[in-house]
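>>> How does the following fold in three dimensions:
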Amino acid sequence: MPTRKVIFFIGILIFLFLWNPCAYAEAEKPTEEKPAFELPEVVIIGEDQSKVTIGGEREPLIDQPFLRKVELGLEPMEKISPLSFLPQRKENITEFSFAYGSFNTLKTNLSHGRQIRDKGYYLFGIGKYKTDGEFLGRRYNQDNAFLEWGFKPAEKLDLKIATSGILKDYRLSNSTITQKADLFNVELGVEERIGEGSSLGCQFFGQIANLKNSDKAKSEIGGARLQARIGLTERNLLNLEAHLYQERLKLGGNRRRYLISFISLSDEFLLFDRLWVNLGLEYKEKSKPLTSFLYPTARLSYELIPNFNLWVKYKPGMTVPLFDELYIDNDYTEVNLDILPQKRRFSLEEGMEYKLSQNLSGNISFFQRRFRNFIALFDDDTTGSWQNILNVFSEGVEASFVYNLADFSLREGVAPIHRSVGVADFSLRLRYVYERTEDEDQPDKKVPYRPIHSLKISSRYSYGALEIDLSVLMQSERYYNRSQSLPFYWMLEAEISCRITEQLLIFVQGENLLQEKYAERFSYPLEYSKFSGGLKLKF
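Okay, the predicted model is just below:
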């Protein structure tokens, strides 16, 4: 068995680094996002909290890009941008995908989008993901749907209405009760461009989240967001942003309300040739219990040579706990109201971005951060709970590069934007993160789920209608509580697809191909491979 693994691993490295095909197209084909690995005892509201963010920061619930497109859908929907309509483009796209695999796993999605002349568009979709038998005596089911409508009443005015819903249910390992989680979102936004480089926007949003077990928890969020971008000069942009929203938590007859207010003011300008400066001031406040944070922000970016930038960023911040972090406590029977907002008191990053050639680009950054009331997931032998760690220090380095090759000389006269028989594509992506995280008050106790090393390598090779995707994920030892750890693991995934016609594609996927025994979370050791196959139709 060890010999087989060594041979496989050497083969993968040869494919990833030494293979030298003569092609990758200028426009890389987007791939459908794979469903995250679902852990039956982890309550997931809005985002998968079972996945630990490596090298990055937890994103607040409300802080999303202005007039953000609902991104629950499919690859073709990227062609219909909510803010950039092309009068000559009239899209009418329908896509259906279906896959079935081991452990009675079923994945299916149907989505449709259409651009209505040059004035509007709509998107809608439905999907299902279910599995039974992956964990003995447990099942998992998720249904989701989204609908979005965009319209341009005037040349410089954009309007968007969007709603989405997710229904999940699964059986707990220590209970015969079926756990259910429902999430519904609605958003109404409008943005008007009032001049060259200037715009005004307003957004109203709401969210209802339900968590049902022997008792029931509920979260209701509603609020508004205002934004003004003002172009003072050709190379000076002033940005003002304000959020105000209220969240109400309910468990049985108990209710808890709190209000979040956020104001940000920043100015970005060209100080002198090739040196951009962004200076700002932000204020964030949460009631019950009252906590507030006022912090300056800054970013410098200097173009040393063409396609080579150096930058420095200073950005503290405050993150309010998410609904599932407040609720997952004591086997889902209480609201964890004692958890406090996480304050990033100090955050300094320095880095560089480079494009060495048309085919190769990358970046590297060094960071130092200090947190107050750091929010961490602690595991025990039943379920996880979110807790604060008073003072946490983090430092490290993050590096990534992308390598694309394209050679269309195999077929004369083929334009770079077309893929045809005789045209081969190759791409390679690498992302490495080194992060040292320490509890400043108790250095001998570990911060849970913060691996020191994380590496992901992915490669794609296609020739004509055939495409092969390989990815390797490696993570070093990580602790699931203050003293006990999970071992290093690595996992190999692959997908082989073949485009039968322009509208039909068939594929086969495999996870953990070498049957490595590993655990991403405590009490979930896995040692088997998962396979699925299916098709995608686009018309």
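>>> what's around the closest residue to V190 other than its chain neighbours, how many residues?
Computed as CB to CB, 6 or more residues apart in numbering, the closest residue to V190 that is not its neighbour in sequence is L159, at 5.0 Å. Every residue, glycine included, has its C-beta placed from N, CA and C. L159 has 18 neighbours, counted by other CB atoms under 10 Å.
>>> who's in contact with L159?
By CB atoms under 8 Å, 6 or more residues apart in numbering, the contact list for L159 reads G150, F151, K152, P153, G189, V190.
>>> Show me the longest strand that occurs in the protein.
strand 385-407 (DSSP state E).
>>> partners of that one, with directions?
strand 360-378 (antiparallel), strand 424-439 (antiparallel) (DSSP bridges).
>>> circling back to that earlier point, look up phi and psi at the residue nearest to V190.
Note on L159: its backbone torsions stand at phi -130, psi 140 [degrees, to the nearest 10].
>>> tell me which residues in the longest strand of the chain are buried?
385-389, 392-394, 396, 398-406 (16 or more other CB atoms under 10 Å).
>>> Could you do stretch 370-389 as well?
Going by neighbour count (16+ other CB under 10 Å), the buried part of stretch 370-389 is 370-379, 383-389.
>>> where does the stretch 151-300 of the chain dip in pLDDT?
In the predicted model of the stretch 151-300 of the chain, residues 171-179, 213-215, 252-253 satisfy pLDDT under 70.
>>> packing partners for the strand or helix carrying E349?
According to DSSP states H and E, E349 maps onto strand 342-355. Identification of packing neighbours for strand 342-355 by 3 or more CB pairs under 8 Å, 6 or more residues apart in numbering; DSSP states H and E yields strand 308-314, strand 317-319, strand 360-378.
>>> want to throw those strands into TSV with distance to E516?
Shown next, in TSV, are these (distance: least, CB to CB, whole Å):
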stretch	distance to E516
strand 308-314	37
strand 317-319	34
strand 360-378	23
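>>> Out of those, flag the one nearest L514.
strand 360-378 (27.7 Å; CB to CB).
>>> between the contacts of L159, which has the most around it?
Top of the contacts of L159 by neighbour count (other CB under 10 Å): G150, with 24 neighbours.
>>> What count of nearby residues applies to the nearest residue to Y403 once chain neighbours are set aside?
Nearest in space to Y403, with sequence neighbours left out and distances taken as CB to CB, 6+ apart, is L428 at 4.4 Å. As a burial measure, L428 scores 22 neighbours (other CB under 10 Å).
>>> thought L428 was touching S400?
No - L428 is not in contact with S400 according to CB atoms under 8 Å; the separation is 11.2 Å.
>>> Export the strands paired with strand 385-407 as TSV, with columns for distance to E134 and mean pLDDT.
Listed next are the strands paired with strand 385-407 as TSV, based on distance: least, CB to CB, whole Å; pLDDT from 0 to 100:
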stretch	distance to E134	mean pLDDT
strand 360-378	22	94
strand 424-439	27	94
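>>> could these be laid out in a markdown table, adding distance to C202?
Listed next are the strands paired with strand 385-407 as a markdown table, based on distance: least, CB to CB, whole Å:
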| stretch | distance to C202 |
| --- | --- |
| strand 360-378 | 31 |
| strand 424-439 | 37 |
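>>> Tell me which of the ones you listed sits nearest to F98.
Comparing the strands paired with strand 385-407 by CB to CB, strand 424-439 comes nearest, at 25.6 Å.
>>> thinking in terms of the whole chain, how far from its middle is that closest one?
Averaging C-alpha positions (CA atoms, centre = their mean, to the nearest Å) puts strand 424-439 15 Å from its chain's average.
>>> Could you do stretch 191-199 as well?
29 Å.
>>> What is the end-to-end distance of that stretch?
By CA to CA, to the nearest Å, the extent of stretch 191-199 from end to end equals 7 Å.
>>> mind listing the helices for this protein?
Applying DSSP state H to the chain gives helices spanning 2-13, 323-327.
>>> Remind me what the last one packs against, helices and strands.
Applying 3+ CB pairs under 8 Å, 6+ apart, one finds that helix 323-327 makes contact with strand 198-212, strand 216-233, strand 236-251.
>>> quick one on the thing from earlier: let me see the mean pLDDT of the strand holding E349.
Averaged over strand 342-355, pLDDT sits at 95.
>>> which of the helices of the chain has the lowest average pLDDT?
helix 2-13 (a mean of 51).
>>> what about R235, neighbour count?
12.
>>> For it, which non-adjacent residue is spatially closest?
Nearest one to R235, counting by CB to CB, 6+ apart, is L270 at 4.0 Å.
>>> what's the one you found in contact with, if anything?
Shown in contact with L270 (CB under 8 Å, 6+ apart): R235, N236, W276, V277.
>>> hang on, the first one packs against F272?
No - using CB under 8 Å as the test, R235 is too far from F272 to be in contact (10.6 Å).
>>> got the contact list for stretch 188-208?
In contact with stretch 188-208 (CB under 8 Å, 6+ apart) are residues 46, 62, 66-67, 83, 154, 156-161, 182-187, 218-231, 234, 237, 245.
>>> hang on, I meant stretch 482-498
So stretch 482-498 is contacted by 8, 12, 378, 445-446, 448, 465-480, 505-514, 516, 518-520, 522 (CB under 8 Å, 6+ apart).
>>> Restricting to C-alpha, output that stretch in PDB.
The C-alpha trace of stretch 482-498 is given here as PDB (Å, rounded to 0.1, in the frame of the first residue of the first chain):
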ATOM      1  CA  ARG A 482      -6.700  23.500  23.100                       C
ATOM      2  CA  SER A 483      -4.400  20.500  23.400                       C
ATOM      3  CA  GLN A 484      -5.500  17.600  21.100                       C
ATOM      4  CA  SER A 485      -4.700  17.400  17.400                       C
ATOM      5  CA  LEU A 486      -5.700  15.900  14.100                       C
ATOM      6  CA  PRO A 487      -2.800  14.500  12.000                       C
ATOM      7  CA  PHE A 488      -1.500  15.800   8.600                       C
ATOM      8  CA  TYR A 489      -3.600  14.800   5.700                       C
ATOM      9  CA  TRP A 490      -3.600  15.100   1.900                       C
ATOM     10  CA  MET A 491      -6.300  14.300  -0.600                       C
ATOM     11  CA  LEU A 492      -6.400  13.700  -4.300                       C
ATOM     12  CA  GLU A 493      -9.400  14.600  -6.500                       C
ATOM     13  CA  ALA A 494      -9.900  14.100 -10.200                       C
ATOM     14  CA  GLU A 495     -12.500  14.800 -12.800                       C
ATOM     15  CA  ILE A 496     -12.600  13.600 -16.400                       C
ATOM     16  CA  SER A 497     -15.100  15.100 -18.800                       C
ATOM     17  CA  CYS A 498     -15.900  14.700 -22.500                       C
END
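>>> so how far is it off the chain centroid?
What separates the centre of stretch 482-498 from the centre of its chain is 18 Å, taken as CA atoms, centre = their mean.
>>> buried sites along that stretch?
So for stretch 482-498, counting by 16+ other CB under 10 Å, buried means L486, Y489, W490, M491, L492, E493, A494, E495, S497.
>>> Of the residues you listed, just say which sits nearest to K286.
Set against K286, the nearest of these by CB to CB is L486 (33.0 Å).
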